[in-house]
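Q: Compute the structure for the input listed below.
(one chain, ligands or ions: 1)
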Amino acid sequence: MEREPMDVATYTENARRGPCFICRFVAGDPEYAHEVVHEDEHHLAFLDKWPVLPGKLLVVPKRHLEHVVTDLSEREYLDLLATVRLVALAAEEVLGGERTYLFSLGSQDGNSHLHWHIARLPHGVPYERQQFEALGFENGVLAYTHDERAALAERLRSAVAARR
Ligand SMILES: [Zn+2]
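A: Predicted structure coming up:
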């Protein structure tokens, strides 16, 4: 799939100065809409708007929590991770590839709302371009059309639903 350059300056400006994009999304603000692949009472999983790898996903608690460990009770933590696992298994089925990367980053200075990333590494990526090298914006992001994105979300939604 084609890649397009990532406007890192605008992305960074929005992350640092804008409202919490996840809370705006949860509130239903159309400006912050994403393709949802799974939703339950406490969690949302959706396609990353700037995918560095095919079908990259985010899983979030609906509540604005920040610390990946200490802001959740053990039960909440395990429920969130169970959701990550559910969506990751569906992603493996739909996207194929050779490995699943799971990570939670964010910053107190931008995108502070706790989020887990799910990224499938496709087959055939040379070792030197795997892991951290596969995850930066330096090589741009995948240029999904609106329809491609919607179709991918639909396949992922079906795969998640089939596992519940
Ligand atoms: Zn938030």
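Q: What segments of this structure are helices?
A: Taking DSSP state H to define them, one finds helices in the chain at 8-17, 21-26, 74-95, 146-163.
Q: The first one and the ion, any residue contact?
A: By that I understand helix 8-17. No - with Cβ under 5 Å from the ion as the criterion, the ion is not reached by helix 8-17; the gap is at least 12.0 Å. All C-beta spots, glycine's among them, are computed from the backbone N, C-alpha and C.
Q: need the helices of the chain in JSON lines with mean pLDDT, can you?
A: Shown next, in JSON lines, are the helices of the chain (pLDDT from 0 to 100):
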{"stretch": "helix 8-17", "mean pLDDT": "92"}
{"stretch": "helix 21-26", "mean pLDDT": "97"}
{"stretch": "helix 74-95", "mean pLDDT": "98"}
{"stretch": "helix 146-163", "mean pLDDT": "98"}
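Q: Comparing the ones you listed, which comes out most buried?
A: helix 21-26 (a mean of 19; mean count of other Cβ atoms under 10 Å).
Q: Check which helices and strands that one is in contact with.
A: strand 43-47 (3 or more Cβ pairs under 8 Å, 6 or more residues apart in numbering; DSSP states H and E).
Q: Would you check that residue 61 makes contact with residue 76?
A: Yes - counting by Cβ atoms under 8 Å, residue 61 touches residue 76, with 7.3 Å between them.
Q: Need the overlap of contacts for the two.
A: Here residue 61 and residue 76 have residue 42 as joint contacts, going by Cβ atoms under 8 Å, 6 or more residues apart in numbering.
Q: residues in contact with the closest residue to residue 11 other than its chain neighbours?
A: Computed as Cβ to Cβ, 6 or more residues apart in numbering, the closest residue to residue 11 that is not its neighbour in sequence is residue 50, at 6.9 Å. When contacts are counted by Cβ under 8 Å, 6+ apart, residue 50 touches 6, 11, 137, 141.
Q: PyMOL command for the buried members of those?
A: To isolate the buried ones among those in PyMOL, judged by 16 or more other Cβ atoms under 10 Å, type:
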select buried, resi 6+11+141
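Q: show me what contacts the most centrally placed residue in the chain?
A: Nearest residue to the geometric centre of the chain (Cα atoms, centre = their mean): residue 58, 2.1 Å. Residue 58 makes contact with 34, 45-48, 115-118, according to Cβ under 8 Å, 6+ apart.
Q: how about the residues you listed in JSON lines, adding neighbour count?
A: Output for these, formatted as JSON lines (neighbours: other Cβ atoms under 10 Å):
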{"residue": "34", "neighbour count": "19"}
{"residue": "45", "neighbour count": "27"}
{"residue": "46", "neighbour count": "22"}
{"residue": "47", "neighbour count": "19"}
{"residue": "48", "neighbour count": "19"}
{"residue": "115", "neighbour count": "22"}
{"residue": "116", "neighbour count": "23"}
{"residue": "117", "neighbour count": "19"}
{"residue": "118", "neighbour count": "26"}
